[in-house]
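In: Sequence plus predicted model, see below.
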Amino acid sequence: MSELKARITEDMKSAMRAKDKDTLKAIRMILGAVKQKEVDDRIELNDAQVMSVIQKMVKQRKDSISQFKDAGRTDLVDVEEAELVIINNYMPEQLSEAEVAAAVDKAIADSGASSMQDMGKLMGLLKGQLDGKADMGAVSGLIRAKLS
């Protein structure tokens, strides 16, 4: 079992003991998504794969929050935001905008990128460095701004 999955399982046990229903619900949701991925792919996930599942859940929550805000459903926004806080506990420390900008500048300099045609190459370089540590959508926007 991966370290991250073991940590999530231990946190679930702690939430059960503390009778913290909201945290327990969110952690069970994470473990359910991890288990579903394991069953679908017929493998046991390592830490990187578990992190990928968690990143997907974070993205889903952010999308849901924006849609619920647009629809004026503050009750559902509150639920999604509470889940997002718990899910974010398992994400690595996020980089600041300045650190992301520095990484983008370095990747542009290293690769010699000069136009939007180099976008895929840059995203490939940066995905390995920044995956999980920065919002890749924001990174993409930053690259577009610098290359156009």
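Out: Structure's in. What do you need? Numbers count the residues shown, from 1 in each chain.
In: Return the residues in contact with the closest residue to D110 other than its chain neighbours.
Out: In this structure, D110 finds its nearest non-sequential neighbour in L125, 7.4 Å apart by Cβ to Cβ, 6 or more residues apart in numbering. Heads up, the C-betas are built off the backbone N, CA and C, glycines and all. Neighbouring residues of L125 by Cβ atoms under 8 Å, 6 or more residues apart in numbering: 107, 110-111.
In: so which helix or strand takes in the residue nearest in space to the middle of the chain?
Out: In the chain, the residue lying closest to the centroid (Cα atoms, centre = their mean) is Q55, at 2.5 Å. Q55 is part of helix 47-71, with elements assigned from DSSP states H and E.
In: Give me the phi and psi angles of A134.
Out: Here the main-chain torsion angles of A134 (degrees, to the nearest 10) amount to phi -150, psi 150.
In: For it, give its distance to M57.
Out: 17 Å (Cβ to Cβ, to the nearest Å).
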